[in-house]
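Undergrad: Attaching a predicted model along with its sequence, questions to come.
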Amino acid sequence: MRTGALLSQVYKKTFWNTYDHIGTVILTNLIWFAIFPLPTFLCFRYVPLSIAHRVVLTIVVGLMTNAFAMSGLFGITSRIANYEESSIRHFLAHGQRFYWRIFALSLIYATAVAILVVGVRFYLGWKALGGVPGFALAG
């Protein structure tokens, strides 16, 4: 079988499978939005703390809500991709089942981003201090 024909068949099946579950996909995305970005934004915008405390609190809330929302979303889209029946109940079940795994991955990701930010700030400080060598180290 030609690659183009096989790819066309995969695209067609994917489209129709998603179309068959479009209500679940839309509802899942709305719930995902309500669980992750909305509380994170509200926490940053309306909690009456200093900016540094708000940033830390927002990161913690974002990591906690991101883990639940992403595990539920991955679980339900996995069921849809495998042509299994899916509902919002599955979203919540997968959110609870894989919460700690995705929370650990989120912590690893946040740690990597923090290390990158510290490194960039360090070398940008060298740019102002060191002239040409500092500029070369800063990139």
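TA: Received it, and whenever you're ready, just let me know what you need.
Undergrad: From I35, how far off is Y46?
TA: According to Cβ to Cβ, to the nearest Å, Y46 stands 18 Å off from I35. (Each C-beta comes from the backbone N, C-alpha and C, glycine too.)
Undergrad: neighbour-wise, which of those two wins?
TA: Neighbour totals were compared for Y46 and I35, and I35 leads with 19 against 8 (other Cβ atoms under 10 Å).
Undergrad: If we ignore the residues flanking it in sequence, what's nearest the more buried one?
TA: Spatially, and ignoring its direct neighbours in sequence, I35 is nearest to A69 (4.2 Å; Cβ to Cβ, 6 or more residues apart in numbering).
Undergrad: buried sites along the helix or strand harbouring H94?
TA: Element membership for H94, per DSSP states H and E: helix 88-97. Using 16 or more other Cβ atoms under 10 Å as the test for burial, helix 88-97 gives H90, F91, H94, G95.
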